[in-house]
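Enquirer: dropping the sequence and predicted coords here.
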Amino acid sequence: MKKLLIIGLAIVFIIACQENKPERYTQNSPQINTVKQIIENYNKKTYDISIYADTSKTYYNSKENPMSPEEVIAYHKERDMAYSQRSFLDKDQEYEMVLTDDGETWVNCWLDWQGTLAGNNQAVNIPIHLTYRFQDGKIVREVGMWDPSAIMLAIQEMEMKNSMSADEKAIQTTIDNVTKAWNANDKDLMYASLVKNVTRMANGISIAKKQSDYGDFMDIYHGAFPDFKVRLDKTVIDGNKAYINWTCTGTNKGEFMGNPPTNNKIETHGFSVWEFDTEGKAVREDAFYDNLVVYEQLGYSMPMPK
């Protein structure tokens, strides 16, 4: 009987300890709600430093030069000027709170951020990881990590376009319209961007000698790949010429080069040299790409040269 009493007291003691033991991991806590409020405040541009301790330190993409709560607000307001719209997206947000072995309380969150540059309406989407340390209900440390290269490249491209001459801007407009025409299979927009006797060469072979030839060429690809898309990776304009690195993607849903559809996806990279007239219309394109890559992705055998 005495042994049973001792065992019973031990069980009660263990249960009491477990009940008083703080939770080491959770996805639902007041601290997480505080971080969600910070995200909501950011989206609404209603900044509130009362959530932070006076001694709080914030680090963004750095382990040095921490910012005070006031400096964090100034940091956001300064960068807000570059965007016509920016916010954290509601989709795929993840939050967690952990208690470390040292007794520190941290909230981690993984979010997607999207901004639209005010200068050219270009949208940029990047994943961001934020982590916050809490003490006595206040944030005492904030760390944010993300890859800013997409934003930097978009700003550089915008600045480059703003510094263009009138002739270069006309050429850039044509390049943009040609890309839009390809992606939408819009022949009217394509023909408006080309001279009537436009020439297109593909790996040294003549593909088009007039606008309708170019339209027929578009039909081949959009018939075989209804979701066919062109992305420009790099564009350099020099005089009346443009040098463009591009990527094409699509899903093979129709006949292509006499072959039945495979439902396979393609992604191919190429390089084009474009020439333009004094009005900025395209006169000639010399395109270079590896057909073997496309055929291998589709599972075709490369046809023998005639």
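Expert: On my side now, so go ahead.
Enquirer: burial check on the closest residue to residue 221 other than its chain neighbours, number of neighbours?
Expert: In this structure, residue 221 finds its nearest non-sequential neighbour in residue 228, 5.1 Å apart by Cβ to Cβ, 6 or more residues apart in numbering. Any C-beta I mention is one placed from the backbone N, CA and C, and that applies to glycine too. When counting by other Cβ atoms under 10 Å, one arrives at 20 neighbours for residue 228.
Enquirer: ok, residue 228 - contacts?
Expert: Taking Cβ atoms under 8 Å, 6 or more residues apart in numbering, we find residue 228 in contact with 182-183, 185, 221-222, 248-250.
Enquirer: distance of it relative to residue 294?
Expert: 12 Å (Cβ to Cβ, to the nearest Å).
Enquirer: ok, residue 159 - how many residues close by?
Expert: Applying other Cβ under 10 Å, we find 11 residues neighbouring residue 159.
Enquirer: ok, now residue 232?
Expert: Other residues lying near residue 232 total 15 when counted by other Cβ under 10 Å.
Enquirer: quick one on the thing from earlier: phi first, then psi, for the residue nearest to residue 221.
Expert: Per-residue torsions, residue 228: phi -60, psi 130 (degrees, to the nearest 10).
Enquirer: quick check: pLDDT value at it.
Expert: What the model reports for residue 228 is a pLDDT of 97.
Enquirer: look up the pLDDT of the spatially most central residue of the chain for me, please.
Expert: In the chain, the C-alpha nearest the mean C-alpha coordinate belongs to residue 125, at 4.0 Å (Cα atoms, centre = their mean). Per-residue confidence at residue 125 stands at 94 (pLDDT).
Enquirer: quick revisit: quick one: buried ones out of the contacts of residue 228?
Expert: Using 16 or more other Cβ atoms under 10 Å as the burial test, the contacts of residue 228 include 182, 185, 221-222, 248, 250 as buried.
Enquirer: and the residues you listed, which two are the farthest apart?
Expert: Spatial extent of the buried ones among the contacts of residue 228 (Cβ to Cβ) is set by the pair 185 and 248 at 13.3 Å.
Enquirer: on that earlier part again, where does the residue nearest to the centre of the chain sit: helix, strand or coil?
Expert: Three-state assignment for residue 125 (DSSP: H, G, I helix; E, B strand; the rest coil): strand.
Enquirer: can you pull up the bridge partners for residue 126?
Expert: residue 113 (DSSP bridges).
Enquirer: pull the number of nearby residues for it.
Expert: 15.
Enquirer: and for residue 41?
Expert: Neighbour count of residue 41, defined by other Cβ under 10 Å: 14.
Enquirer: check contacts around it.
Expert: Residue 41 touches 47-48, counting by Cβ under 8 Å, 6+ apart.
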